[in-house]
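Peer 1: Coordinates only, no sequence provided:
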């Protein structure tokens, strides 16, 4: 199969998917013996083509996966047709809890409550319902407490592609 065809297939898959797609998934779909580096190179070419031509859509990277979305530059025009997307307003308590989870993950509810000094049941439900965090499993200790992690939706909200891009925290006061 020609490289141009493969690049077009990757573009079609990203366009059709509502969730970010990984390189391994793309390789399976293409059914070719391509290295991850080759697929990543084609993705980079697509990303650059969209940027260079100031297209209405773009490809973003989220946690080593890729997703097609509208170009933020044209958001006002999009709102004229599809309306204003739901804005997320997070209370101070919810925001504090989300920040703690982001930097301390994986973390249990008990660990969160020890850090914050208050119960976190309602805040955890709000963050889970908002798809900003998820239950990532249970610890293998007494009570088998649930551990929480942030989602790809959290990364999209912050417009970063991985947790490594979170600003560092200064411990000096």
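Peer 2: On my side now, so go ahead. Here the structure is a predicted model, which means the values were calculated and not measured.

Peer 1: immediately after the worst-scoring helix or strand of the chain on mean pLDDT, which helix or strand?
Peer 2: Sorted by mean pLDDT, DSSP states H and E, the helices and strands of the chain end with helix 75-82, the least confident at a mean of 83. Sequence order places helix 92-104 as the next helix or strand after helix 75-82, per DSSP states H and E.

Peer 1: In this structure, which residue is most central in space?
Peer 2: Note on the chain: the residue nearest the mean C-alpha position is residue 152, at 2.2 Å, using Cα atoms, centre = their mean.

Peer 1: what's the nearest residue to that one if we skip its chain neighbours?
Peer 2: Among residues not flanking residue 152 along the chain, residue 62 sits closest, at 4.9 Å (Cβ to Cβ, 6 or more residues apart in numbering). (Each C-beta comes from the backbone N, C-alpha and C, glycine too.)

Peer 1: just checking, that neighbour touches residue 156?
Peer 2: Yes - using Cβ atoms under 8 Å, residue 62 makes contact with residue 156 at a distance of 6.1 Å.

Peer 1: Which one's more surrounded, these two?
Peer 2: Taking neighbours as other Cβ atoms under 10 Å, residue 62 and residue 156 compare with residue 62 leading, 21 against 17.
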